[in-house]
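Undergrad: Here you go, sequence then predicted model.
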Amino acid sequence: MYIERTYRHTMKGNKTSSEYTRRINLAIRFISDNINSRISLDDVASASFFSPYHFHRIFHSIVGETVNDFIIRKRMELAASRIVCKSELSITEISTMGGFSSSANFSKAFKLYFGVTPGQLRNPANVKSSKIGKIYSKYGKEFDPQSLYSQFVTEKEHFNSDTLEKLLMNIKVQDFDARHVAYLTTPGGYELESVFSTWDKLSSWAVANGVNDYETRRYAILHDNPMVTPVDKCRYDATVEIDPAITVAAPFATQLIPAGKYGVAYYKGDSDKVSNFYMELCSQWLPGSGFEPDDYPPLAHYLNDPRIDGFVEMEAWIKLKTLNKAS
């Protein structure tokens, strides 16, 4: 569930590399679970059952980043999300939540990474895209603060406004049971070639293992926002719902899509605008829905094959919890 572009740096088909990937996955999960706390690198190594002496090299060879760079990037991405989506929180409160010693240190670190200050991200109207932060110099990603806001705020139209308003009015809140899924994480994040290749491998596995109605049981777990995260660093799990009795072996693995309430929105259109659609759901629909997003990534329930049709047809799922009005 937590693997980042793991297979690009490992030997495909090698049982040892599959075990290394599994154990680095444990380290990444430990980091994700403790991202707001002071993280000891020895503790991260321990979580993966690797010797601290060798862990740094193994992590870098599999993930493509040093442990420190990975932790810094995830903290900055989470902070950016809070700045945009948690308008009720002050910059000082967000810096405290992220484990920074002061808002001044947080603001300095944030600007070094993104090239803009937290205050500029919260008021992006007059802020241009930045190429001066670490996100550009290290990862080659130009950071555009306006891309994190609704087109109704920035006036950068990605969708016909009338069509978008109708889509946002037809969102359903549904209760779903938990789903046991087999999954494979893409080696190249949200890059389309990597996504399609991963789905082809999962499809072949599903057919070989007798998974019925495979086409209707496909879900993507979208861990990252490509407006903030470099595309090849985004985590994308291609999943198919299976019977728990089916044996799943590496490089495939299993996880549980949790039960609960989900906001379900229909989308049909260009695949490169899916992330914009999720942004509209979060910024335009959620605030008036009576819910807030639960601590689980967005899902895409695919209804077609975009390589055949030339467009993507899907349901966008967002896990919900009742809005805490005291927060």
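TA: Structure received.
Undergrad: Are we agreed that residue 24 is in a strand?
TA: No: counting by DSSP: H, G, I helix; E, B strand; the rest coil, residue 24 is not found in a strand; it is helix.
Undergrad: tell me the secondary structure for the closest residue to it other than its chain neighbours?
TA: Of all residues not flanking residue 24 in the chain, residue 62 sits nearest, at 4.9 Å (CB to CB, 6 or more residues apart in numbering). Any C-beta I mention is one placed from the backbone N, CA and C, and that applies to glycine too. Per three-state DSSP, the local secondary structure of residue 62 is helix.
Undergrad: What is the least confident helix or strand in the chain?
TA: The least trusted helix or strand in the chain, going by mean pLDDT, DSSP states H and E, turns out to be helix 151-154, with a mean of 77.
Undergrad: Just the CA atoms of that helix, as PDB, please.
TA: C-alpha atoms of helix 151-154 as PDB (Å, rounded to 0.1, in the frame of the first residue of the first chain):
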ATOM      1  CA  GLN A 151     -11.000  26.700 -11.200                       C
ATOM      2  CA  PHE A 152     -13.800  28.800  -9.700                       C
ATOM      3  CA  VAL A 153     -11.100  30.500  -7.600                       C
ATOM      4  CA  THR A 154      -8.300  30.800 -10.100                       C
END
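Undergrad: before we move on, the earlier item: does the residue nearest to residue 24 really touch residue 25, like I thought?
TA: No: at 9.2 Å, residue 62 does not count as touching residue 25 under the criterion of CB atoms under 8 Å.
Undergrad: Which one of those two is surrounded by more residues?
TA: Using other CB atoms under 10 Å, the more surrounded residue of residue 62 and residue 25 is residue 62, with 24 against 20.
Undergrad: Can you give me the pLDDT of the more buried one?
TA: Looking at residue 62, its pLDDT is 86.
Undergrad: same thing with residue 2?
TA: So residue 2 comes in at 38 (pLDDT).
Undergrad: cool, the one 4 residues further on as well?
TA: Per-residue confidence at residue 6 stands at 39 (pLDDT).
Undergrad: Where does the residue in the chain sticking out farthest from the centre sit, in terms of helix or strand?
TA: Distance from the C-alpha centroid of the chain peaks at residue 53, with 30.1 Å (CA atoms, centre = their mean). Here residue 53 sits within helix 52-63, counting by DSSP states H and E.
Undergrad: Residue 183 too?
TA: Residue 183 belongs to strand 179-185 when assigned by DSSP H and E.
Undergrad: If you average the pLDDT over that strand, what comes out?
TA: Rounded mean pLDDT across strand 179-185 is 95.
Undergrad: Pairing partners for that strand, with directions?
TA: Here strand 179-185 is paired, per DSSP bridges, with strand 236-241 (antiparallel), strand 253-257 (antiparallel).
Undergrad: Please work out which of the ones you listed is packed deepest.
TA: strand 236-241 (a mean of 24; mean count of other CB atoms under 10 Å).
Undergrad: Touching that strand from outside, list them.
TA: 1, 179-186, 189-190, 194-195, 198-199, 202, 206, 211, 214, 217-223, 255, 257 (CB atoms under 8 Å, 6 or more residues apart in numbering).
Undergrad: Pull out the buried members of those.
TA: 1, 179-186, 189-190, 194-195, 198-199, 202, 206, 211, 214, 217-223, 257 (16 or more other CB atoms under 10 Å).
Undergrad: I'd like to know the phi and psi angles of residue 312, please.
TA: With angles defined as degrees, to the nearest 10, residue 312 sits at phi -110, psi 130.
Undergrad: what sits against it?
TA: 267-271, 274, 302, 304, 306.
Undergrad: What are the buried residues along the helix holding residue 53?
TA: For helix 52-63, burial by neighbour count (16+ other CB under 10 Å) applies to 55-56, 58-59, 62-63.
Undergrad: For it, name the packing helices and strands.
TA: Counting contacts by 3 or more CB pairs under 8 Å, 6 or more residues apart in numbering; DSSP states H and E, helix 52-63 packs against helix 15-33, helix 41-47, helix 67-85.
Undergrad: got those as a markdown table, with distance to residue 164 columns?
TA: A markdown table is the format used below for those (distance: least, CB to CB, whole Å):
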| stretch | distance to residue 164 |
| --- | --- |
| helix 15-33 | 32 |
| helix 41-47 | 42 |
| helix 67-85 | 19 |
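Undergrad: and of the ones you listed, who's closest to residue 291?
TA: Closest to residue 291 of those is helix 67-85 (CB to CB; 13.2 Å).
Undergrad: Please save the CA atoms from the following helix or strand past the closest one in CSV.
TA: Scanning forward in sequence from helix 67-85 by DSSP H and E, the next helix or strand is helix 91-97. Output of helix 91-97 as CSV, limited to C-alpha atoms (Å, rounded to 0.1, in the frame of the first residue of the first chain):
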residue,chain,number,x,y,z
ILE,A,91,0.4,28.5,9.6
THR,A,92,1.8,28.2,13.1
GLU,A,93,-0.7,25.4,13.9
ILE,A,94,0.3,23.6,10.7
SER,A,95,4.0,23.9,11.5
THR,A,96,3.4,22.5,15.0
MET,A,97,1.4,19.6,13.6
